[in-house]
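A.B. asks: Build me a structure from this.
(2 chains)
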Protein chains: 2
Amino acid sequence: MFDLNAYRTQRRTEIEKALNRLLPAADTEPAVLHEAMRYAVFTGGKRLRPILSMAAAEACGAPAEDGLLPGCAVEILHTYTLVHDDLPCMDDDDERRGKPTVHVAYGETNAVLAGDALQALAFELVGRTPPTERWNAADTVRELAVAAGSQGVVGGQVADLGLSGRVPLAEEIAFIHEHKTADLFRAALRLGGMAANGAPERVEALGHYALNLGLAFQITDDLLDAPETGTRPDEASCLSVVDQDTARARAQQLVSDAIDALSVCDEVCTQPLAAIARYVPGRTH
Amino acid sequence: MFDLNAYRTQRRTEIEKALNRLLPAADTEPAVLHEAMRYAVFTGGKRLRPILSMAAAEACGAPAEDGLLPGCAVEILHTYTLVHDDLPCMDDDDERRGKPTVHVAYGETNAVLAGDALQALAFELVGRTPPTERWNAADTVRELAVAAGSQGVVGGQVADLGLSGRVPLAEEIAFIHEHKTADLFRAALRLGGMAANGAPERVEALGHYALNLGLAFQITDDLLDAPETGTRPDEASCLSVVDQDTARARAQQLVSDAIDALSVCDEVCTQPLAAIARYVPGRTH
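C.D. replies: Residues are numbered from 1 along each chain as shown, chains lettered A, B, ... in the order given. Sure thing, here's the model as predicted:
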């Protein structure tokens, strides 16, 4: 029986250590910027994206460690999007994971700039992924850039903020969920596969797994955020267009599709990815 | 006699055309984001950085066109830094080159996100620079990432804002000028050299040229911004620590050092770079 908790704990330890090594030291000039960058990265995140990169490397028959560097690049990219999303001119959030957000702790200017520098660092790191027979830096950088850009995460955020309180259409929600959430999941998985010299059809399969997992993850997020009364919130939630039971069934279907996508890989190697997918519909935070 | 004006006009036409092709169309979803990105890029800039990339390719004996793609990547990166620098929480500028700044025209949220997406696009493009015998995407992406990051442009901006009105030390000004201005000049030149398969010692030489040119450029900026009365402003200006005559002499020396750095290249091929350097001390805008 595969022990997902033990797996995640071990990976997280490796990821925290790597991130600590990859972020500039807090006493490097300009110190306030490096402090703010480290503050943003080390806030007790679940590290789901780098765990997925490492599991993707394993799914291609390589050591999990091969996915560590690109996984950290995706995590750092993800962190910058959170820092900017929390800004007063965006979601205006004062707290994240029970701690003051970066702009509250370091000021708005430093939050914008720390986010900017984290994005540059993410690209530096993904470009440093050692090339394999099949993939090189041109591939890994393009992968992250497309996921991060105007038709990826940033595009999803613009579409989300563009709703500004009105009830969204089903296709608007689909656009937002795919780009705001699933695109970075896909980059995490595909980059892990590339770092492991995965065959193109396996990297494709990992992308399908990721898209399904990302959408399932977003549905469970919407369910966790929903008031118990079942009110339909006027935001980019799937519960604006379907009821909770339908949403739960949809998440189950997506998880099943995600696992099916892995069939081109050796089953022993995909145990962690399958276990992560099975865990998603029942997650409580 | 080399005609710098004709050279710049021709290059600018090529650069505008390329940028127009490389930016997503304004009607691609989310349209407001792509409009804001295009608005930011097409504001009549001098296109000095991509011109330098193209001239650097020529200095390595290749067609100028080889420097076009990485040059556009640097220009797009430079544009994002201007969009974020103009934000209310930064320099709070309402106009740039006589037009409303991006946050005035499209709102603060879209300005932050357009800047973010432009940075991602810059990395996508620099990663697409065709590899040569000597250099590949790992090299070009690292070059841009270091110039753009917390110890490059963003670091220079943090140090600049950190002065907040007090009279700066000479070494603080040097740090700000090197990182806020010269680092992207250096990336523009070195990337042009790499795209042209320049030998490492030529790429190094282009970097030395760029550092000297960038610092000379910044001094002439400070001179252009200085009040005619010669007051020493309490900002990151070289005139906070030296008088105007000393500053002019220093700019002349830097230009001469920049041109000397090119001696490892064939003199015929470096005519454009030499002409650009000679032009800088006398520039009027």
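A.B. asks: which secondary element of chain A has the worst mean pLDDT?
C.D. replies: helix A:170-177 (a mean of 90; mean pLDDT, DSSP states H and E).
A.B. asks: Could you pull out the buried residues of it?
C.D. replies: Buried residues in helix A:170-177, counting neighbours by 16 or more other Cβ atoms under 10 Å in any protein chain shown, are found at A:172, A:173, A:174, A:175, A:176, A:177. Backbone N, C-alpha and C define where each C-beta goes, glycine included.
A.B. asks: Please name the residues that touch the first one.
C.D. replies: In other words, residue A:172. When contacts are counted by Cβ atoms under 8 Å, 6 or more residues apart in numbering or on different chains, residue A:172 is found next to A:159, A:163, A:236.
A.B. asks: Would you mind writing the CA trace of the least confident helix or strand of chain A as CSV?
C.D. replies: Extracted in CSV, the C-alpha atoms of helix A:170-177 (Å, rounded to 0.1, in the frame of the first residue of the first chain):
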residue,chain,number,x,y,z
ALA,A,170,-19.9,28.5,-17.8
GLU,A,171,-17.3,29.0,-20.5
GLU,A,172,-15.8,32.0,-18.6
ILE,A,173,-15.4,29.8,-15.5
ALA,A,174,-13.8,27.1,-17.6
PHE,A,175,-11.4,29.7,-19.1
ILE,A,176,-10.4,31.0,-15.7
HIS,A,177,-10.0,27.6,-14.1
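A.B. asks: Downstream of it, the next helix or strand is which one?
C.D. replies: Counting by DSSP states H and E, the next helix or strand C-terminal to helix A:170-177 is helix A:183-195.
A.B. asks: could you give me the average pLDDT of that following helix?
C.D. replies: Helix A:183-195 shows a mean pLDDT of 98.
A.B. asks: packing partners for it?
C.D. replies: Applying 3 or more Cβ pairs under 8 Å, 6 or more residues apart in numbering or on different chains; DSSP states H and E, we find helix A:183-195 packed against helix A:48-59, helix A:68-85, helix A:137-148, helix A:153-163, helix A:200-225.
A.B. asks: which one of these has the most crowded surroundings?
C.D. replies: Burial of the helices and strands packed on helix A:183-195 is given as mean neighbour count (mean count of other Cβ atoms under 10 Å in any protein chain shown); helix A:48-59 ranks first at a mean of 29.
A.B. asks: which residues sit against that one?
C.D. replies: With contact meaning Cβ under 8 Å, 6+ apart, helix A:48-59 is reached by A:8, A:11-12, A:14-15, A:63-68, A:70-72, A:74-75, A:78, A:184-185, A:188-193, A:195-196, A:198, A:202, A:206, A:210, A:213, A:262, A:265-266, A:269-270, A:272-273, A:276.
A.B. asks: mind running it again at 6 Å?
C.D. replies: With contacts defined as Cβ atoms under 6 Å, 6 or more residues apart in numbering or on different chains, helix A:48-59 is touched by A:11, A:15, A:64, A:66-67, A:70-72, A:74-75, A:78, A:188-189, A:191-193, A:195-196, A:206, A:265, A:269-270, A:272-273.
A.B. asks: Output the below-cut-off pLDDT ranges for the stretch 151-285 of chain A.
C.D. replies: The model of the stretch 151-285 of chain A has pLDDT under 70 over residues A:227-234.
A.B. asks: which parts of it sit against chain B?
C.D. replies: Residues of the stretch 151-285 of chain A lying close to chain B (Cβ under 6 Å from any Cβ of the partner chain) are A:154, A:155, A:158, A:159, A:161.
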